[in-house]
Structures are given as structure tokens and as C-alpha cells.
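[1] Return atomic coordinates for the entry below.
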Amino acid sequence: MTTTTLAVLVPVLPFLGAVAGLLLGRTAPGFVRPLAVLPPLAAAVLAVLVAVRQGGGKTIEATTQLTPTGSVPIDLSLYVDGFAALVAVLVGVVATCVQIYSTGYLRDDPRYPSYAALVSLFTSAMLLVVYSGDLMVLLVGWEIMGICSYFLVGHYWETPEARSASLKAFLVTKLGDVPFLIGIFALGTDAGTFRIPGVLGAVASGGLDHPTLIALLLLAGVAGKSAQFPLHTWLPDAMAGPTPVSALIHAATMVAAGIYFTARLLPVFAASAAAMTVLAVMAAITMVGSALAALAQDDIKRVLAYSTIGQLGYMAGALAVGDRGAAVFHLLSHAAFKALLFLAAGTVIHAAGTNSLTAMSRMSGLAKRVPDAYWTMTVALLALAAIPPFAGFFSKEAVLVAAEHTALGERDVAPAGAGWTVLVAGLLTALLTAAYALRLWLRTFRGRGAEAPDHGRQPIAMTAVLWVLAIPSLGFGLSASFLDDWFDGNALTPTLTTAVLGTCLAVAGGVITYAVWRTLAARTPVTAPVPHVAHPDAEAGQVEAEALRLPHPARDPADPGRALLGPLHRPAADGFHLDAVYRAAFVRPVLAAASLVRFLDREVVDTYVRGAADGAKGLGWLVRRAQTGNVQTYLSALLAGSVVLAIAAVALANAAAGA
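    Below is the predicted model:
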């Protein structure tokens with residue numbers, strides 16, 4: 001079988017699995033789990049074969065015209081380079097792990113068949129984005145992911161939080177997708193083609209007439225999809241969906257799509273120094289702001305959500321300094337440990353079995369009860385904090401090295417100011433990341449909240465996946481020296497300066513957080529645990545849906561985040577009130593305009609409509625009154641009318657004769 005055929009099958013197999021799952025979910029429930037797991041597993045195997053054959057060398061291309069347009073053609077095009085080959089492997093592996101994990105996590109969920117089918121469709125859409133060589137076909141996968149996220153985030157649609165979160169995710173990402181679509185049209189018009197090789201060729205030859213405008217329009221879509229400031233607000237709320245969905249969205253689909261798209265078309269953005277500067281500032285604000293917000297959250301999943309936003313900021317920062325190799329390397333590394341973090345959090349939720357399951361202030365005794373989650377989450381958090389030799393250290397250092405080279409003028413792809421912006425923000429974020437990572441670990445596994453009843457050992461389908469993902473979280477960074485050829489030939493190995501600075505800041509963040517926690521714990525008397533309602537027979541999905549209805553937990557006096565942030569804690573916990581700004585700037589004016597339109601429609605337009613109706617009704621009443629049914633009356637009226645007409649005719653004749 002040719003490499004092209006294998007590559008075509010990679011996105012097709014999960015799609016067929018999704019269709020079959022939707023058709024057979026009710027009539028043949030025994031096929032649901034095999035149809036959920038086997039197609040993405042087969043796609044992952046084929047993606048590995050494609051990557052081996054591509055080998056980081058010559059790009060694999062194949063094209064057939066999809067439809068004649070009369071102007072810029074749309075092609076069904078395949079374009080597999082080193083970036084695409086590795087990212088496709090990532091998507092296939094993470095999607096397979098999520099599907100296997102979900103068989104245990106949602107085993108009694110009545111909507112599991114539709115859930116599994118949507119996850120497969122989600123996977124297929126992302127693989128289409130990765131392998132597509134035509135921007136219009138890529139856009140199809142881009143938008144399918146948007147609708148899949150809407151349904152999956154709203155899986156527990158019985159709760160208002162899930163309904164609101166799914167709608168918010170859809171609308172905020174669409175807010176970026178509108179200018180993104182315009183940017184793609186403008187790019188295709190300027191380049192004369194939607195095919196990616198043609199677009200890159202036009203950029204190289206200076207064929208773009210509006211590079212800055214196009215780049216900024218595309219960045220709007222990237223900011224929405226990859227949750228970058230200021231369109232990041234949907235991602236923390238999307239935690240209302242099932243935890244395995246969060247792992248898929250945060251690690252391998254949706255948010256990864258924007259970073260991957262920017263990396264694929266980086267020369268388009270690099271053609272505009274203004275666009276690269278905007279991207280650098282956006283990445284810097286995203287990194288620091290999300291890290292501060294993560295340090296203030298009590299919900300374990302919201303901490304991880306803000307963590308994802310910050311790590312995506314690192315990737316955007318690498319792109320802002322012109323190093324797509326460092327960006328994609330961190331994308332691959334981050335996918336492993338972030339999927340592990342969410343799935344380990346899901347295991348904690350499954351083990352807790354309470355309706356207060358996601359608040360760290362209400363957790364206790366979990367280290368011994370869920371040892372698999374405890375040890376694997378420890379590995380993942382060390383990778384997140386960029387502690388050597390874990391994967392996150394190498395990939396984050398690659399970003400900092402790229403920023404350093406640009407800041408010192410050793411690389412002229414982007415302005416030096418962009419390099420300094422990314423470098424300073426990246427180092428500060430390294431300090432904050434280690435702080436909130438250790439805080440999460442301490443409060444989850446060393447906390448003094450309410451201890452839920454022991455529900456026994458977790459399903460093997462869940463725990464096995466955790467250990468599988470722990471392997472790349474620990475060792476993937478060691479492959480940096482072997483991936484240079486896959487990523488434009490730029491070195492991905494750390495340098496002494498950034499390695500020492502980054503590691504020292506990470507260690508300092510951890511040490512300070514631990515010292516504050518110990519001090520607060522010593523001063524805080526052990527009181528009765530925060531009460532909760534136990535659900536011994538509840539499954540994780542049902543429990544998680546119940547948790548969405550809980551009020552915010554009470555203040556925890558032993559929270560190091562509150563002490564570290566001080567007066568910043570309240571705004572950071574609320575995402576720096578950005579949602580309130582959006583409500584004031586956009587939601588309220590739109591609602592006010594809608595109220596005005598409704599008033600005008602009711603009081604003005606409807607008045608004319610009602611007047612016309614009343615006039616017709618009155619005229620009908622008069623006509624109806626004339627219809628008496630009496631023949632004598634009709635003859636009398638006819639005679640009277642004839643007399644009137646005769647008199648009028650005579651009068652007119654006399655007037656004419658006199659004239």
C-alpha cells in the first residue's frame with residue numbers, strides 16, 4: 001500500500017467509525033466500544049507508518065481538483081511534511097487513549113454511544129486539518145471541530161452550566177472564525193491558490209499584497225481556537241464537559257489546531273513584522289495572565305485549563321520569534337503530560353465519588369486510595385513545571401532558546417523586541433507554573449478536605465492509560481536531538497543560560513509555594529472537614545454532572561495561592577474580570593439593541609400592520625352590512641343608483657353644452 005493511500009486512510013477511518021457508531025449505537029450496543037476504540041487505534045498505527053516512511057524528509061503530496069470555481073480552485077490535497085507526520089501520530093495516540101479511558105469512565109452513561117461517535121468525528125476533523133494541503137479543505141475540519149466541541153462540552157446538557165459553557169465555546173470561537181475566514185479568502189486571492197505549497201511559494205516570491213492585514217485576520221481565528229488572549233475565556237468554562245473530552249481538547253485537537261495552523265503557514269505571518277509583534281504580545285499576556293489565574297483557582301480542572309492556556313502561550317511565543325520547530329516540539333510534549341494530567345484528574349474524580357469532587361479544598365486521603373493517579377500525576381506535574389529530565393523541560397527550553405536568539409539578534413525572522421517580550425514572559429511564567437503545579441499537588445494529595453468513601457480500585461482501562469502516557473511525559477524530551485531534521489533543522493537542545501535561569505526560577509517557585517503552604521498549615525488548626533454528600537453508587541459521569549451545581553467552596557485558610565497573590569487573588573480567581581468586560585462591551589449593547597428592535601417592531605411596525613388589518617376589517621364590515629338578503633332592498637338601491645347616475649350624466653351634458 002502506498003504512503004499516499006495510508007495517509008488518506010488516517011482521517012477516513014475515525015470518520016467511518018463515527019458514522020457506524022451513530023448508526024449502530026441503539027440497535028447494536030455491543031459494537032459501540034469496539035467502534036469507539038478500533039478506528040482511532042488503526043488511524044494511530046497508520047499515522048506511525050506514514051511518519052516512518054516520511055522520515056522527516058521529502059514532503060508527501062497528492063492533489064485532485066475538488067470542484068471548478070471559475071477563479072481560485074479548491075483542491076482535495078494531501079500535504080505531509082515532518083510537522084504533519086508527527087502531529088498526526090500525536091492526535092491518533094491521544095484519541096485512542098481517551099477512547100479507551102472513556103470505556104471505563106463513562107461505562108454506564110446512557111449517552112455513551114453518541115459521545116464516542118463525536119470523539120471519533122472530532123479526531124477525524126483534526127487529522128483532516130493536519131494532513132490537508134488546501135486551506136478550504138482545512139477549513140472544513142476546522143469548523144467540524146467547533147461543532148463537535150459544542151456537543152461534547154454540553155454532554156451533561158441537563159445542567160445549565162454545561163449548556164452555557166458549550167454555547168460560550170461555540171460563540172467565542174466563532175467570533176475569531178469570521179475574520180479567519182475572511183483572511184483565508186484574502187490569502188487565496190493574493191496568492192492565486194488555496195493550496196499550501198502555492199501560498200508558501202507566493203510568500204517567498206513576495207506575491208502577497210496585504211501581508212499584515214491577512215496575518216492579523218488569521219490571528220483572530222488562531223486566538224479563538226487556541227484560547228489566546230483575548231479570546232481565551234471559553235476554555236476554563238469548557239470544563240463542564242466530561243473529563244476525557246477535556247483531555248482530548250487540551251492535548252490533541254481544538255486548541256492544538258490554531259498553533260499547528262500558524263506553524264504550517266508561519267512564512268505568511270513572518271512576512272509582517274507588525275503581525276509577529278502582535279503575536280508576541282498576545283503570547284506574553286496569555287502566558288503570565290493564565291499562570292496567575294491558575295494560581296487562584298480551587299477547581300482542579302480549571303487550574304489545568306488555565307495551565308493549557310499558558311502552555312499554548314509558550315507555543316505562540318515560539319512562533320512569534322520565528323521558530324516553528326520549538327513550537328511544535330512543545331505542542332507534542334505538552335500533549336503527553338496534559339492528557340495525563342486531565343485523565344489522572346478524572347481518576348481522582350472517579351475515586352472521590354462525591355458531588356464536591358473537583359474542588360481541591362475538599363480533597364483528602366487520595367494519595368493512598370488512587371496510587372496510579374498519584375504517581376502519574378506527579379510525573380505530569382514535574383513535566384509541566386519543566387523540571388529536568390522530564391519532557392516539559394526540554395520543550396520549554398527550546399522555546400526560551402528561540403526567544404533568546406531573536407532577542408540577541410542572532411535570528412532576524414522576527415523583531416528583537418518580540419524576542420525580549422517572549423523571553424521575559426516565558427521566564428516569569430516558568431516561576432508561576434512551578435508554583436501552581438506544586439499547589440495543585442499539595443492540595444489534591446496532601447489536603448485536609450472531606451474524605452469520600454473508598455469505591456475500590458479504578459477500572460484497568462483508566463489506570464493503564466495513565467501509565468502509557470507517563471512514558472512520553474518522562475522521556476519524550478530526550479528525543480530532542482533526534483528531531484532536528486523533522487523541524488526545519490533548528491537545534492532543539494537547551495543552552496546553559498536559559499536552562500539555568502528557567503530551572504532556577506521553577507525551583508524557586510516550588511520552594512516558595514511549599515514554604516508558604518507549610519507555614520499556613522502549621523498556623524491553621526485542623527477542623528472538621530468540609531461536608532459533602534456521598535454517592536456510593538454514582539458513576540463518575542453522573543457525579544461530575546452533579547458537581548456543576550455546587551456553589552463556590554468556602555475560603556481555605558491554608559491555600560498558598562491566596563497568600564502568594566495577595567490583592568491579586570480575587571481578580572485572578574475571576575479571570576481578571578474579562579467576562580465582565582465582555583458583558584459590558586458586547587453582551588449588554590447587543591441585548592439593548594435587541595430590545596430596541598423588539599420595541600420598534602412591536603410599537604411601530606406592528607402598528608401599521610394592525611392598522612392595515614383593522615382597515616380591511618372595517619371595510620369588510622361595511623360591505624357585509626350591505627348584504628341584507630332582501631331583494632326589494634337590492635332593487636331599491638339599484639334604482640336609486642341609476643337615478644343618481646342619470647342626474648349626474650345630465651348635469652355633465654349641460655355643463656359641456658354651456659362651455
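[2] Scan this structure for its longest helix.
    Longest helix in the chain, counting residues (DSSP state H): helix 160-191.
[3] Give me the residues contacting whichever helix or strand comes after that helix.
    Sequence order places helix 196-204 as the next helix or strand after helix 160-191, per DSSP states H and E. Around helix 196-204, the neighbours that count as contacts under Cβ atoms under 8 Å, 6 or more residues apart in numbering are 59, 61, 77, 79, 132-135, 187-188, 190-193, 207-208, 211, 264-265, 267-268, 271. Heads up, the C-betas are built off the backbone N, CA and C, glycines and all.
[4] follow-up on the earlier one: helices or strands next to the longest helix of the chain in the packing?
    helix 135-153, helix 196-204, helix 211-225, helix 234-237 (3 or more Cβ pairs under 8 Å, 6 or more residues apart in numbering; DSSP states H and E).
[5] Output the contacting helices and strands for the third one.
    Judged by 3+ Cβ pairs under 8 Å, 6+ apart, the packing partners of helix 211-225 are helix 135-153, helix 160-191, helix 255-264, helix 266-270, helix 273-294.
[6] quick one: which helix or strand includes residue 591?
    Going by DSSP H and E, residue 591 is part of helix 588-600.
[7] Same question for stretch 26-39: list its buried residues.
    Residues 32, 33, 35, 36, 37, 39 are the ones in stretch 26-39 that count as buried (16 or more other Cβ atoms under 10 Å).
[8] follow-up on the earlier one: give me the contact list for the helix holding residue 591.
    By Cβ under 8 Å, 6+ apart, helix 588-600 touches no other residue.
[9] For it, buried residues please.
    Buried, per 16+ other Cβ under 10 Å, within helix 588-600: nothing.
[10] Can you give the distance of it from its chain's centre?
    Offset of helix 588-600 from its chain centre (Cα atoms, centre = their mean, to the nearest Å): 30 Å.
[11] ok, now stretch 283-303?
    Worked out by Cα atoms, centre = their mean, stretch 283-303 lies 16 Å from the chain centre.
[12] start to end distance for that stretch?
    The first and last residues of stretch 283-303 sit 19 Å apart, counting by Cα to Cα, to the nearest Å.
[13] ok so, going back, quick check: angle from the longest helix of the chain to helix 196-204?
    60 degrees (axes from the mean of the first three to the mean of the last three Cα atoms, to 10 degrees).
[14] what bits of the stretch 451-600 of the chain have low per-residue confidence?
    The model of the stretch 451-600 of the chain has pLDDT under 70 over residues 451-456, 524-557.
[15] hmm, 80 instead?
    Residues of the stretch 451-600 of the chain meeting the criterion pLDDT under 80: 451-458, 480-485, 488-491, 522-558.
[16] how close does residue 654 get to residue 647?
    11 Å (Cβ to Cβ, to the nearest Å).
[17] Please produce CSV containing the helices and strands packed on helix 211-225, extended by distance to residue 405, mean pLDDT and mean neighbour count.
    Below are those laid out as CSV (distance: least, Cβ to Cβ, whole Å; pLDDT from 0 to 100; neighbours: other Cβ atoms under 10 Å):
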stretch, distance to residue 405, mean pLDDT, mean neighbour count
helix 135-153, 30, 95, 22
helix 160-191, 28, 94, 20
helix 255-264, 17, 95, 26
helix 266-270, 15, 95, 22
helix 273-294, 14, 96, 24
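[18] what sits against residue 458?
    104, 347, 350, 351, 370, 372, 373.
[19] Give me the three-state assignment for it.
    coil (DSSP: H, G, I helix; E, B strand; the rest coil).
[20] could you show me where the helices are in the stretch 1-150 of the chain, in order?
    3-24, 32-54, 82-105, 112-131, 135-153 (DSSP state H, counting those that start in this stretch).
[21] Apart from its chain neighbours, what residue comes closest to residue 258?
    residue 226 (3.1 Å; Cβ to Cβ, 6 or more residues apart in numbering).
[22] sorry, that was for residue 247
    Residue 247 sits nearest to residue 342 (Cβ to Cβ, 6+ apart), 3.7 Å away.
[23] burial count for the one you found?
    30 (other Cβ atoms under 10 Å).
[24] which ones are touching it?
    243, 244, 246, 247, 250, 251, 301, 304.
[25] Just give me the closest of those to residue 53.
    residue 251 (25.2 Å; Cβ to Cβ).
[26] burial of the closest one, as a residue count?
    30.
[27] hey, where'd the helices end up in the stretch 551-659 of the chain?
    560-565, 569-573, 578-582, 588-600, 606-626, 631-658.
[28] In a markdown table: those helices, plus distance to residue 436.
    Shown next, in a markdown table, are these (distance: least, Cβ to Cβ, whole Å):
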| stretch | distance to residue 436 |
| --- | --- |
| helix 560-565 | 7 |
| helix 569-573 | 10 |
| helix 578-582 | 19 |
| helix 588-600 | 33 |
| helix 606-626 | 56 |
| helix 631-658 | 93 |
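[29] and among these, the most buried is which?
    helix 560-565 (a mean of 21; mean count of other Cβ atoms under 10 Å).
[30] export that helix as CSV, just CAs?
    Provided in CSV are the C-alpha atoms of helix 560-565 (Å, rounded to 0.1, in the frame of the first residue of the first chain):
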residue,chain,number,x,y,z
PRO,A,560,-0.8,29.2,49.4
GLY,A,561,-2.2,30.7,46.3
ARG,A,562,-4.2,33.2,48.2
ALA,A,563,-1.1,34.2,50.3
LEU,A,564,1.2,34.5,47.3
LEU,A,565,-1.2,36.6,45.2
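[31] To residue 415, which of the helices of the stretch 551-659 of the chain lies closest?
    Across the helices of the stretch 551-659 of the chain, closest to residue 415 is helix 578-582 (Cβ to Cβ), at 27.2 Å.
[32] quick one on the thing from earlier: now render the helices and strands packed on helix 160-191 as TSV, adding distance to residue 510.
    Formatted as TSV, those follow (distance: least, Cβ to Cβ, whole Å):
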stretch	distance to residue 510
helix 135-153	32
helix 196-204	42
helix 211-225	31
helix 234-237	24
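[33] how about those helices, which one is nearest residue 52?
    Closest among the helices and strands packed on helix 160-191, using Cβ to Cβ: helix 196-204, at 22.7 Å.
[34] Please find the angle between the direction vectors of the closest one and helix 135-153.
    110 degrees.
[35] Pull out the buried positions in helix 196-204.
    Buried-residue list, helix 196-204, by 16+ other Cβ under 10 Å: 196, 197, 198, 199, 200, 202, 203.
[36] got a list of what residue 212 touches?
    So residue 212 contacts 272, 274, 275 (Cβ under 8 Å, 6+ apart).
[37] Ok, residue 505 next?
    Residue 505 touches 427, 428, 430, 431, 434, counting by Cβ under 8 Å, 6+ apart.
[38] Backbone dihedrals for it, please?
    Backbone torsions of residue 505, given as degrees, to the nearest 10, read phi -70, psi -40.
[39] Leaving out chain neighbours, which residue sits closest to it?
    Closest to residue 505 by Cβ to Cβ, 6+ apart is residue 431, at 4.3 Å.
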